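> Whatever this is, show me its structure:
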Amino acid sequence: MQRPVSSLSLSPSVKVKLVNAGFQFSSDLLQLKPLQLSKEAGLSQQEALEVLQAVRRDTGGGDEATGGGGASLTALELLQKEEETRSIITFSSQLDGVLGGGMPIGKTTEICGAPGVGKTQLCLQVAVDVQVPTCFGGVGGQVVYVDTEGSFLLQRVVDIATAAVQHCSLLVEDDEQQAAMATFTLETILSNLFLVRCHDYVELLAELHLLPDFLSDHPKVRLLVIDSVAFPFRQHVGDLSQRTRLLNGLAQQLITMATAHNIAVVMTNQMTTRVRAGQSQLVPALGESWGHAPTIRILLHWAGSRRLADIFKSPHHMGATVQYQITSDGFRDVEQSEQPPSKRSRTEIIQSADS
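Predicted structure coming up:
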């Protein structure tokens, strides 16, 4: 059934521009990209993106666009799918342990923390680790890395990748692992990392709008990194209600992509100061409503000279704290005689980030 453009949930001025440009039905818009629609209809890139999102939502095309399909699953099928879920190792055995194996594929994980604590380092680590061959306990996948802050450092990727290759080469015990090392090299690691630079939230939303098609064309992608999700929205969106609406849409997109394309979504978030009862606390940015979006939230923070990682939101794992370090080889464990406490309340965790 053809649906008129005039019936879509859009502002009157946008509908007029679409009709004047010759777009009569929603089906006329389904195959267009945001930049193309922007030029043909005289819309801003943000308006073009919102039009295409409205078309896919109102015509039921969202699942098709992301490969999700409309079929329902039984509870048994969901349980079997959960049991088959793999994780991306972090090269920190302690962090992998409390996460149940690493960053879970099919779910969204947020890494929060102050500048310099190691958020980007952990992102670069998993961007390399997702490519570890399956015979070494990896998933042998590719990665899409979205950089919004300009913090992506190629030399650090080279260092981390070189260390990962050397580590796996020392574990070779059979012919399968020996053969896998032929394709697990610095060159292949770099060629399997697709880097996207987004300068503002419009570019970020446009890239995520196009990403499902890219994932369909590159079925080996098992990880999407967004470093960071907070920066473009805090810098360029002053209207709080608009920011909330955009973030809600973004959260749904990421969840759908994670499940439909069987990828892990790892994103970083900044910290902000919140004053409560006359006392200031460091808390993750983007507000409490955004805090419900990620499946797992990890808080990286300093405790004196120690770097600690707190798991303070996870549906499957209890709150835990592990110590880590950033070395020339990447994100690693710290050998210690005394472990930090394994369970803490969220209030204690947030307050510790202020120290």
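
> can you count the residues close to residue 104?
23 (other C-beta atoms under 10 Å). For the C-beta atoms, the positions are set from N, CA and C on the backbone; glycine is no exception.

> Determine the set of other helices and strands touching the helix or strand harbouring residue 122.
Here residue 122 sits within helix 119-129, counting by DSSP states H and E. Helix 119-129 makes packing contacts with strand 108-113, strand 142-147, helix 154-169, strand 221-227, strand 264-269, strand 330-333 when contacts are defined by 3 or more C-beta pairs under 8 Å, 6 or more residues apart in numbering; DSSP states H and E.

> TSV for those, including distance to residue 307, mean pLDDT and mean neighbour count?
Output for the helices and strands packed on helix 119-129, formatted as TSV (distance: least, C-beta to C-beta, whole Å; pLDDT from 0 to 100; neighbours: other C-beta atoms under 10 Å):
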stretch	distance to residue 307	mean pLDDT	mean neighbour count
strand 108-113	9	96	26
strand 142-147	22	98	22
helix 154-169	17	97	17
strand 221-227	18	97	25
strand 264-269	15	97	26
strand 330-333	10	97	22
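
> Leaving out the residues flanking it, which one is nearest to residue 24?
Distances taken as C-beta to C-beta, 6 or more residues apart in numbering put residue 5 closest to residue 24, at 6.2 Å, once the chain neighbours are dropped.

> returning to that earlier point: could you say which one of the helices and strands packed on helix 119-129 comes nearest to residue 101?
Nearest of the helices and strands packed on helix 119-129 to residue 101, taken as C-beta to C-beta: strand 264-269 at 11.2 Å.

> which secondary structure elements does the closest one contact?
strand 103-104, strand 108-113, helix 119-129, strand 221-227, helix 240-260.

> Looking at those, spot the one closest to residue 139.
The nearest among these, by C-beta to C-beta, is strand 221-227 at 5.2 Å.

> what about dumping the CA coordinates of the closest one to CSV?
In CSV, the C-alpha atoms belonging to strand 221-227 read as follows (Å, rounded to 0.1, in the frame of the first residue of the first chain):
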residue,chain,number,x,y,z
VAL,A,221,32.2,-7.3,11.3
ARG,A,222,31.7,-8.2,14.9
LEU,A,223,32.4,-4.9,16.7
LEU,A,224,31.3,-1.3,16.4
VAL,A,225,33.2,1.2,18.5
ILE,A,226,32.0,4.8,19.1
ASP,A,227,34.6,6.9,20.8
